[in-house]
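# following is a predicted model, sequence given first.
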Amino acid sequence: MNLSSEDVAKVALLARLRLGPEELATYTEQINEIIHYVEQLQQVDTAGVEPLAHGVEVRNVFREDRRHESLPREQALGNAPKRNHEAFLVPAVLQ
Amino acid sequence: MDYDIIIGLEIHVQLQTESKMFSACGTEFGLPPNTQTDPVSLGLPGTLPVMNGKAFDLALKTAIAFGADIARFTKWDRKNYYYPDLPKNYQISQYDLPFSTGGALPIPERKDGGGGGSVRLTRIHLEEDTGKMIHAAGGLSEVDLNRAGVPLLEIVTEPDLRDPADARGCLEELRLTLRYLGVSDCEMQEGSLRCDANVNLHITKDDGSKVATPIVEIKNMNSFSAVEKALRYEIERQFEKWKDDGLTIKDAPKETRGWSDPDGITKPQRQKETAADYRYFPEPDLVPVEVDDAWIARIREEIGELPMARRRRFESEYGLSPYDANVLVEQGQDVADYFDAVARETGEAKLASNWIQQDVLRVIKEKRLPLADFPVGPAALADLINRVKNKQLNTNQGREVLAAMIETGKPADAVIAEGGYGLIGDRDELAAVVAATIEANPKALDDLAGGKKKPEAVKGWLRGQVMKRTQGKADPQLVVELLEARLAELGH
């Protein structure tokens, strides 16, 4: 299987990556190499093997339902590129 | 032409926890924007989520209560999307291995005889809530992340509902049940219960062939009545539209429409620019969860009697009417528990139900008190009802005594002693008062003999006079009996 440059452009859009024509060509080639490698892995017979849900064998990690103090609002908003006195500001998005 | 209405619901419920799903940040509703955040809710680099154990317990409780199958192995997935309501650009959710599948929500019976039965659940899964976007001036939106990361249950039903009233009834029963379970406060106005509905029509044409209209998902319904109204509107709209353009489910994709409560209509909603492609993958920052029998058994034990079962028991154990049983159960668990205690203590369920509905519930509504703050506990009310039952007080006196108990917080015997309440116990004494009352009112006898006034009205008036003479300290039933006897002696 090969991804076309249109496929790669779509994935880039979903990931909010802005790619120029040259980058698109480079990444299309690279991503296809990765896919070919995965295709090689897929030749291994995995019948009867459960898909791996997680890389470590640890299960059931929970914390108690306790709350701590909130971050002060000034700090919470501290890194915002655009803000007012109480909220982050972003370009209007219509739902 | 006839049609069947096909409705399925997608419900979101905020879980009642102190802290968010993946961090020890508070979950309180209604705080000023962005005053309930922490590095995890803000999606700051280098933070890691840790699952809230109580949120998982509450989720299990819900699923077990609705008879769902609990997955023995469940995991978390990333749902990737770029929208500023979650700053880390993905939502932690459950994709292919939700913790619960199957089960059913009960549909209450309707007053018109319809309803009843249940709607099957497709699945229930856990996810984190998103922040809130508020559209501001100047082409900008404000982002408030107080809600980001609050634990959320998504409950998806099969398209089993056939009537907007059942959709509403089913949601109201869900709210009652989740409140009984202590899982959520389910306030639609506050967004702790949210519901979207999928609806379309299966139309049988005059020639007997069947067609389905395109499916519409309705969003933005902010109350139980809005759910019912929006569905009614949408059904009508789809039918008219189909008669007009004949488009079926095969011709048109699913459409999302928003309910506008002030206008009473649904309006098409703009779709997000790119088609949803969430590229789910297993969440590497959270380990999977394995649920064993002991865990399920522990949660099962925490589940008390649910509202449906309680209504049935109130009818069968106490002989209450379905109406009374429902009023007591739908007020919430505390009221139903209160009734249970008073009914058992007095052995008079019907009396207990009347006193609670007419006196206790009226007062807590007027004073806007939670039942826990109502000054007369179930044992004290039972004591008072027993006194009325044993004819130590009549009902009017009982009401006055209860009012004084509520006012002062004193027990019934203290109020009775101070107020000099009690009934004339001696039959002869009361008979003498009855005789004296009749003698003092010869006009009443003339009225009875003259036939101008209805005998019942005259007798009622005489009963009032007897009660007045005894300062209300007479057993009304005994007054009726003695009055009839005396009037009969006098030839009336």
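That came through fine.

# distance check, the most far-flung residue of chain A relative to its centre against chain B.
What lies farthest from the middle of chain A is residue A:85; by C-alpha atoms, centre = their mean that is 30.6 Å. Applying C-beta to the nearest C-beta, to the nearest Å, the value for residue A:85 to chain B is 9 Å. Heads up, the C-betas are built off the backbone N, CA and C, glycines and all.

# state the pLDDT value of that residue.
Residue A:85 carries a pLDDT value of 94.

# check which helix or strand covers residue 60.
Went with chain A since none was named. Counting by DSSP states H and E, no helix or strand carries residue A:60.

# wait, I meant chain B there
Going by DSSP H and E, residue B:60 is in helix B:53-65.

# near chain A at all, that helix?
Yes. Helix B:53-65 is in contact with chain A by C-beta under 8 Å from any C-beta of the partner chain, via B:53-56.

# what helices or strands is the one helix or strand residue A:30 maps to leaning on?
Using DSSP H and E, residue A:30 maps to helix A:21-41. For helix A:21-41, the elements it packs on are helix A:5-14, judged by 3 or more C-beta pairs under 8 Å, 6 or more residues apart in numbering or on different chains; DSSP states H and E.

# CA atoms of the helix it packs on as CSV?
Extracted C-alpha coordinates of helix A:5-14, given in CSV (Å, rounded to 0.1, in the frame of the first residue of the first chain):
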residue,chain,number,x,y,z
SER,A,5,0.5,13.1,-1.5
GLU,A,6,-3.2,13.9,-1.2
ASP,A,7,-3.5,11.4,1.7
VAL,A,8,-0.5,12.9,3.4
ALA,A,9,-1.8,16.4,2.8
LYS,A,10,-5.1,15.4,4.6
VAL,A,11,-3.2,13.8,7.5
ALA,A,12,-1.1,17.0,7.8
LEU,A,13,-4.2,19.1,7.9
LEU,A,14,-5.8,16.9,10.6
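
# now do that helix, average pLDDT.
91.

# give me the neighbour count for residue B:59.
25 (other C-beta atoms under 10 Å in any protein chain shown).

# residue B:267 too?
Counted by other C-beta under 10 Å, the residues lying close to residue B:267 total 10.

# what residues does it make contact with?
B:257-258, B:260 (C-beta atoms under 8 Å, 6 or more residues apart in numbering or on different chains).

# quick revisit: so who does the residue farthest from the centre of chain A touch?
Not one residue lies near residue A:85 by C-beta under 8 Å, 6+ apart.

# derive a PyMOL selection command for the buried subset of the residues of helix B:53-65 next to chain A.
Buried subset of the residues of helix B:53-65 next to chain A, written as a PyMOL selection, criterion 16 or more other C-beta atoms under 10 Å in any protein chain shown:
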select buried, chain B and resi 54+55+56
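
# just give me the residue closest to the centre of chain A.
Closest-to-mean residue, chain A, C-alpha atoms, centre = their mean: residue A:15 / 6.9 Å.

# reformat the contacts of residue B:267 as JSON lines; add distance to chain A and secondary structure.
Formatted as JSON lines, these follow (distance: C-beta to the nearest C-beta, whole Å; DSSP: H, G, I helix; E, B strand; the rest coil):
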{"residue": "B:257", "distance to chain A": "12", "secondary structure": "strand"}
{"residue": "B:258", "distance to chain A": "9", "secondary structure": "strand"}
{"residue": "B:260", "distance to chain A": "14", "secondary structure": "strand"}
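
# which of the residues you listed has the largest number of neighbours?
Result: residue B:257 is most packed of the contacts of residue B:267 (other C-beta under 10 Å), 20 neighbours.

# mind checking the SS state of the closest residue to it other than its chain neighbours?
What sits nearest to residue B:257 in space, not counting adjacent residues and going by C-beta to C-beta, 6 or more residues apart in numbering or on different chains, is residue B:266, at 4.0 Å. Using DSSP: H, G, I helix; E, B strand; the rest coil, the structure places residue B:266 in strand.

# would you mark the buried spots in stretch B:367-385?
B:371, B:374, B:376, B:378, B:380-385.

# keep only those of the residues you listed that are in helices.
Mapping the buried residues of stretch B:367-385 onto helices (DSSP state H) picks out B:378, B:380-385.
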